[in-house]
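# Kindly return the folded structure for what I paste below:
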Amino acid sequence: MEKIAGLDPKKILPELYKKNLELYTERLRIQEIINQIAEVVFAVDGNYKITLFNKVAKDVFEISEELAIGKKADDVVKIFLEGLPLLSSKYAFIKESKQPVFFGKTVTTKDKTGKISYYRLNYSHVDFEDLSKECVVTLTNITNEVMEDRRKDEFISITGHELKTPVAIVKNNLWMFKYLLGKDFSLNLRQKELLDGSFEELIHLNKLITDLLDLSRIAQNRLLLNVTNCNLDLVLKDIYQAFLPTAQKKGLQFKVLAKSVGLVKADKERIYEVFENLLSNAFKYTEKGFIKISSSVGKNMVKVSISDSGAGIAEKDFSKMFTKFGRGSKGLKVHENGASTGLGLYVTKNLVQAMGGEIGFKSVASKGSTFWFTLKRA
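Alright, predicted model coming up:
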């Protein structure tokens with residue numbers, strides 16, 4: 001047997017065997033590591049066929065690795081998003097720019113007994129030199145966290161309803177004392193200040209309770225709105241009159257630059273709440289300068305903007321806006337009317353979306369913010 005290019009043929013087969021054995025051993029080691037991961041791990045190829053299936057996946061989807069490998073993922077991996085089946089083609093190999101649609105979302109599985117479990121979906125894909133590709137998907141079990149959140153929401157709901165009654169009674173008693181019984185005797189300046197302060201704190205407390213109840217309704221998908229034709233011009237007029245005393249007290253320029261808008265699709269009571277939440281924040285974080293409301297009318301939508309010259313929002317805090325209990329650095333500081341609870345913007349976002357609109361903001365730290373939302377034209 002001749003040597004080829006300086007290689008002894010007698011040594012080639014043992015070397016190949018050795019290398020293959022090393023590769024096989026390494027593959028077994030990696031497979032064992034994947035099997036020990038406490039998350040569901042599976043992979044699919046470009047045809048959405050399963051190429052990897054770990055032990056936890058086997059337990060969750062009740063099928064062995066041997067039977068799962070080579071099958072279409074949708075025939076094996078039964079996951080649901082908001083109650084509807086989520087196909088592998090909807091998340092696997094999705095471009096990074098579109099990943100936020102499903103990446104990190106909470107999905108569910110259901111076993112043979114009907115028991116539902118909750119998972120956080122994550123995935124990434126690899127393109128190989130031979131133009132083949134694989135997508136590795138992980139599902140992290142968050143069932144305990146979801147159940148704990150539900151218990152918290154239930155507690156908040158019960159507590160909120162229990163607090164509503166005594167707050168309403170105290171508010172009514174103070175009103176009677178001020179406007180009915182107060183006619184029989186005169187109050188001095190200090191007594192009037194105490195009475196007015198009590199009213200203001202009750203309003204603040206009632207707002208907090210309302211936000212907590214809304215938080216509970218949102219979590220349980222029970223946020224019901226009565227969306228009808230609403231005259232936005234009249235709403236803006238009322239809102240201006242309601243916040244004008246606050247602007248005058250703080251020495252701020254307060255203007256409504258909105259053009260005549262007319263009718264929009266909105267829940268009349270809730271649209272006031274949207275304005276109150278956004279304007280309350282604007283006044284809380286604006287010490288000098290201006291606060292203005294403006295609008296623009298499109299073909300099908302109306303866009304309302306609330307701008308201020310206040311503290312602004314640091315870029316590192318952008319992702320916290322509109323999240324449950326999300327507060328920027330300024331929101332952690334206590335103001336004369338209390339620190340931010342981190343609920344107002346979260347509730348506002350859900351109210352706007354429930355009315356068929358969108359909401360967003362732009363801001364520069366120390367230079368002010370503009371929060372905007374849209375509503376459908378009637």
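
# Now F371. Its backbone dihedrals?
Dihedral pair for F371: phi -100, psi 140, per degrees, to the nearest 10.

# Read off the pLDDT value for it.
F371 carries a pLDDT value of 97.

# That one against E358, yeah?
No. Taking contacts as CB atoms under 8 Å, F371 lies outside contact range of E358: 11.9 Å. Where C-beta positions appear, they are placed from N, C-alpha and C, glycine not excepted.

# who has more neighbours, these two?
F371 (25 against 13; other CB atoms under 10 Å).

# For the more buried one, which non-adjacent residue is closest in space?
F361 (4.5 Å; CB to CB, 6 or more residues apart in numbering).

# quick one: the one you found and K349 touch, right?
No. With contact defined as CB under 8 Å, F361 does not count as touching K349 (10.4 Å).

# So which of the two has more stuff around it?
Between F361 and K349, counted using other CB under 10 Å, K349 has the larger neighbour count: 21 against 17.

# quick one, domains of this structure?
For the chain, the domain assignment from automatic domain parsing gives the residue ranges 1-36, 38-141, 144-223, 225-378.

# Kindly check the end-to-end length of the second one for me.
Distances were taken as CA to CA, to the nearest Å; on that basis the terminal residues of domain 38-141 are 9 Å apart.

# Can you name the next helix or strand after the lowest-mean-pLDDT helix or strand in the chain?
Scoring the helices and strands of the chain by mean pLDDT, DSSP states H and E places helix 9-36 at the bottom, with a mean of 65. Once the chain leaves helix 9-36, the next helix or strand it forms, by DSSP states H and E, is strand 40-45.

# Does that next one pack against any helices or strands, and if so which?
Packing partners of strand 40-45 (3 or more CB pairs under 8 Å, 6 or more residues apart in numbering; DSSP states H and E): strand 50-53, helix 55-61, strand 133-141.

# would you list the ones you listed in a markdown table and tack on mean neighbour count and mean pLDDT?
As requested, the helices and strands packed on strand 40-45 are exported to a markdown table (neighbours: other CB atoms under 10 Å; pLDDT from 0 to 100):
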| stretch | mean neighbour count | mean pLDDT |
| --- | --- | --- |
| strand 50-53 | 22 | 92 |
| helix 55-61 | 19 | 92 |
| strand 133-141 | 19 | 91 |
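
# In a markdown table, list the ones you listed along with distance to A282.
Formatted as a markdown table, the helices and strands packed on strand 40-45 follow (distance: least, CB to CB, whole Å):
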| stretch | distance to A282 |
| --- | --- |
| strand 50-53 | 52 |
| helix 55-61 | 48 |
| strand 133-141 | 39 |
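
# Quick one: closest of these to I291.
strand 133-141 (43.2 Å; CB to CB).

# for the stretch 151-300 of the chain, what spans make up the strands?
228-231, 253-256, 263-266, 290-297 (DSSP state E, counting those that start in this stretch).

# which of these sits most buried?
Here the criterion is mean neighbour count by mean count of other CB atoms under 10 Å, and of these the winner is strand 263-266, at a mean of 22.

# Which strands and helices lie in contact with that strand?
Strand 263-266 packs on strand 228-231, helix 232-250, strand 368-376, going by 3+ CB pairs under 8 Å, 6+ apart.

# Not counting its own residues, what contacts it?
The contact list for strand 263-266, computed with CB atoms under 8 Å, 6 or more residues apart in numbering, reads 227-232, 302, 355-356, 375-378.

# From the chain's centroid, how far away is it?
25 Å (CA atoms, centre = their mean, to the nearest Å).

# any idea of the mean pLDDT for it?
For strand 263-266, mean pLDDT is 96.

# go on, stretch 65-83?
93.

# Now that stretch - C-alpha only, PDB.
Below are the C-alpha coordinates for stretch 65-83, written out as PDB (Å, rounded to 0.1, in the frame of the first residue of the first chain):
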ATOM      1  CA  GLU A  65     -37.000  12.100  21.700                       C
ATOM      2  CA  GLU A  66     -36.800   9.200  19.300                       C
ATOM      3  CA  LEU A  67     -40.400   9.800  18.100                       C
ATOM      4  CA  ALA A  68     -40.100  13.600  18.100                       C
ATOM      5  CA  ILE A  69     -36.900  13.900  16.000                       C
ATOM      6  CA  GLY A  70     -37.700  14.400  12.300                       C
ATOM      7  CA  LYS A  71     -41.300  15.200  12.900                       C
ATOM      8  CA  LYS A  72     -42.900  18.600  12.100                       C
ATOM      9  CA  ALA A  73     -42.700  20.800  15.100                       C
ATOM     10  CA  ASP A  74     -46.300  21.700  15.000                       C
ATOM     11  CA  ASP A  75     -47.300  18.100  15.300                       C
ATOM     12  CA  VAL A  76     -45.300  17.700  18.500                       C
ATOM     13  CA  VAL A  77     -44.900  21.100  20.200                       C
ATOM     14  CA  LYS A  78     -48.400  22.300  21.100                       C
ATOM     15  CA  ILE A  79     -48.100  25.800  22.500                       C
ATOM     16  CA  PHE A  80     -50.700  28.600  22.600                       C
ATOM     17  CA  LEU A  81     -50.500  32.400  22.700                       C
ATOM     18  CA  GLU A  82     -53.600  34.100  24.200                       C
ATOM     19  CA  GLY A  83     -55.500  30.800  23.800                       C
END
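
# Next, the buried residues of it.
Buried residues in stretch 65-83, counted by 16 or more other CB atoms under 10 Å: E65, A68, A73, D74, V76, V77, K78, I79, L81.

# quick one: what helix or strand has the most centrally placed residue in the chain in it?
Note on the chain: the residue nearest the mean C-alpha position is T323, at 4.5 Å, using CA atoms, centre = their mean. According to DSSP H and E, T323 maps onto no helix or strand at all.
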